[in-house]
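sharing a model that was predicted from the sequence below.
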Amino acid sequence: MFGKLFDPTYKEFKKCSKVAEAVVALEDEYKKLTDEELKAKTPEFKKRLEKGETLDDIMVEAFATAREAASRVLGLTPFKVQIIGAAAMHFGNIAEMKTGEGKTLTSVLVAYLNALPGKGVHIVTVNEYLASRDATEMGEVHKFLGLTVGLNLRELDSEQKREQYYCDITYSTNSELGFDYLRDHMVLYKEQMVQRPEMNFAIVDEVDSILIDEARTPLIISGGEKKGPNLYVQANSFAKCLHQEDYEIDVKDRHVALTESGMSKAEKYFNVDNLYDVKNVTIVHHINNALRANYIMEKDKDYVVHEGAIVIVDPFTGRLMVGRQWSDGLHQAIEAKENVQIKKETRTLATITYQNYFRMYKKLAGMTGTAKTEEEEFRNIYNMFVVEIPTNVPVIRIDEPDLIFRSMKAKYLAIAKDIKERHEKGQPVLVGTISIESSELLSNLLKRNGIPHSVLNAKQHEREAEIIAKAGQKGSVTIATNMAGRGTDIKLGEGVRELGGLAVIGTERHEARRIDNQLRGRSGRQGDPGYSRFYLSAQDELMIRFGGDRFERLLGMIANPDADGYETPLESKMFSRFVESAQKKVEGANYDSRKNVVEYDEVLRKQREVIYGQRKDILFLDDMEPTIRKMIKNVVKRNIGGYIVHEKKNSEVDAVRFMNEFASKFFNRGKITIDEVEGLNEEQLSELIENKFIEELENKKTQVPNEVFQEFLKVVLLRVVDSHWMDHIDQMSNLRQSIGLQSYAQINPLREYQQIAFETFNDMIATINDEVVLNVNRVILRENLQREEQAKVTGTNAGAEETAKRKPVVNKDKKVGRNDPCPCGSGKKYKYCCGMNEK
């Protein structure tokens, strides 16, 4: 009791319960309102907010309004528990609501309230099907109440996207939100931006999937092929010729590394003296990827080969992740392993992790059926509590204890026997597996037993909706990988309740308890009867990683398989505790990994904020001259002192070196002479050079209309910033891959990374200043400057290789010659600038 009193989550729940009670108390009053009176509540709330009331002040009435509107439009009235969930989300928390409890309807209340100030609400889903469905169905309630509803799809162009984002409520996938954010910070003109300037409020559906499972996967926009040696085939050949003593596999952490003998072989194979010398980082990187590809990554479990390409299998859902690729060359290493075409690595143009993207919202909320096991991570990284919402009707599903077998064969025989018995009496069965391989193994076993069934895994993903729709029907047997756990609703057929409801059988424990809970949650929704049980063996992957040998020996003393391979299973609380302990260890390791991503990405986050913030300021500037003048001062201050010889009388300039290095770089021929600089001291030279730069700037200003001149300055600055920022991202990625070698020298890798990143960033800023001033000073302006169309850059998660091509500037008056100056005003030849992508 006392524990609850001091539990902040319990306090949040009590606060939300009071809100729900107040909303329910208004039910009769709001039912008496006409449709017009109910609709009039929206402008009334907006006026009250304008006069100084807060969202908390109007929350109860706004929830009551949306609740009544849902009842009239959808025929669905949110229960008290759903109102509690909506309140929890309004206060910036996660509402943990079990499967079938109506999370989607719950989001209507909180979205309506938070859309009233007119700053936009984003409702985030894991795929476009769910976004479209919810925008269509739930959007009707918001439209009834006078709000606008947008649907942000990948296929939309910039103008269409902008229209969707400027609606009161916008439905979108998490990936499209992130990519639009990155693309917005690559545009050359403010009119090309699609998102609102302010990230106000996001409601994340299946929040654990997006913010936990996908947290380690950065969003990457890539383009422009990297140049460099293709070591993938070579490294793959090396990895395949190794013997067992040449490498060491850590099954627990899914890690593989060369032993001393393996290192010696690598040095001979690649003809290097010291494999771990910093200059051999690229070779080590390719070897490590080849080792992972050959000895850790498994075909039909981690990936499938589909139409001559490697397609990732999502480890949490079992779905094919078409279009996604592993980053840092792992995908190419697997392509080499499977002997399919190796795609070229591309240059990273922009990147951000979901962790950092969603933390930019002023307020963030989420909903899911399974988040409590990850509460510490949500608190520490996102500052969100997980509020457990009780079910509207008590759960009566029977969750039986795990059955443990010594061998995997005995486990599958017992599963097949259980399925057969339930199938014969007509009870529907959903069998959850953790890999394609195990689902196909069980399918073959059921075929031999004459049991009709459906298989749902990454290879049959097109039939998902059809298979799941029948999973609750009498006599149905469905084998599914984890993909059945999300975005599906299994309804019981006629007569199934009397048979005990849907029986869920797990063939193995997943490394995350959440995934097991999701599988269980497919049964027993909204008071339906149900059953669940997990079958385990000492040969399961999780058991092997955490001391399966010990339990195999223990079970060997108890289990006595008969001639057909059947064993007497063990029901043991000790074993169940061991399994849970193993899962907690894996969850802890995964949390540490995600935390590590945050710590490293925090460095890039701060730098990204500086670059993107200044970039946005530039986009919205009407007068660019003060910015350019400031950059001129910085260039002069940073460079001139290096040409002063203090041994000379009055510390004069080394005129010859200055002319050969600085003047020849920054000025066109004849703009400055050696006679002008001879004998000047630092102050005099600085004043002369600054005046020369300003004079040239003023001269260019007279050559074209002011609007064109301002746009020219803006485009030059943005192009230089973007070019060097992209180089910086690549540099940071390479640094992060190699920084681990510092630990061998007893140096803290993170601290070293932070220090080098800081120095590199400062160098980049200085280089940007130099290059902008150089381009502005030396470029020859043309009167027919044309705006560059924005490229529709394609992005993928974690290293997709789709090339993002910029459209070239089109001069409508005449065709631009390849050796002509580029019309964009960069000063470069067309073939080396906007014409580079022309074939």
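Received the coordinates, thanks.

and E759, how many residues sit next to it?
Neighbours of E759 under the rule other Cβ atoms under 10 Å: 10. In short, each C-beta sits where N, CA and C put it, glycine included.

can you check E771 too?
By other Cβ under 10 Å, 19 other residues sit near E771.

now it, nearest residue through space, not along the chain?
Nearest residue to E771 in three dimensions, chain neighbours excluded: V720, at 4.8 Å (Cβ to Cβ, 6 or more residues apart in numbering).

so how far is E375 from that neighbour?
Look at V720 and E375: by Cβ to Cβ, to the nearest Å, they are 45 Å apart.

and the two? Which one has more around it.
Just comparing V720 and E375: by other Cβ under 10 Å the higher neighbour count belongs to V720, 21 against 17.

could you pull out the strands for the stretch 251-400 of the chain?
In the stretch 251-400 of the chain, the strands defined using DSSP state E, counting those that start in this stretch lie at 255-258, 303-306, 309-313, 320-321, 346-352, 363-368, 386-388, 398-399.

give me the helices and strands touching the longest one, please.
In this case it means strand 346-352. Strand 346-352 sits against helix 174-184, strand 219-225, helix 706-739, with contacts defined as 3 or more Cβ pairs under 8 Å, 6 or more residues apart in numbering; DSSP states H and E.

helices or strands next to the longest one in the packing?
Using 3+ Cβ pairs under 8 Å, 6+ apart as the contact definition, the elements that helix 706-739 packs against are helix 281-295, strand 346-352, helix 573-619, helix 625-639, helix 682-701, helix 749-778.

of all the strands of the stretch 251-400 of the chain, which lies closest to E198?
Among the strands of the stretch 251-400 of the chain, the nearest to E198 by Cβ to Cβ is strand 363-368 (11.3 Å).

the stretch 451-600 of the chain: helices as residue ranges?
For the stretch 451-600 of the chain, applying DSSP state H, counting those that start in this stretch gives helices covering 464-470, 513-520, 541-545, 548-558, 573-619.

now S572: phi and psi?
Reported as degrees, to the nearest 10, the phi and psi values for S572 are phi -140, psi 130.

that one: neighbour count?
Neighbourhood size, S572 [other Cβ under 10 Å]: 17.

over to the one 5 residues further on?
Taking other Cβ under 10 Å as the neighbour definition, R577 ends up with a count of 10.

what about it, distance to R545?
17 Å.

likewise D205?
D205 is 31 Å from R545, where distance means Cβ to Cβ.

more neighbours, the two?
Between D205 and R545, counted using other Cβ under 10 Å, D205 has the larger neighbour count: 23 against 17.

is the more buried one in a bridge, and if so with what?
Beta-bridge pairing for D205 (DSSP bridges): M367.

quick check, it in contact with K103.
Yes: with contact defined as Cβ atoms under 8 Å, D205 reaches K103; the gap is 6.7 Å.

overlap of the contact sets of the two?
Listed as contacting both D205 and K103 by Cβ atoms under 8 Å, 6 or more residues apart in numbering are 367-368.

surely R509 touches R533?
No: counting by Cβ under 8 Å, R509 does not reach R533; the two are 11.9 Å apart.

for F620, the count of nearby residues, please.
Look at F620: counted by other Cβ under 10 Å, it has 9 neighbours.

got the contact list for it?
Per Cβ under 8 Å, 6+ apart, neighbours of F620: K190.

V281 and T353, how far apart?
From V281 to T353 the distance is 23 Å (Cβ to Cβ).
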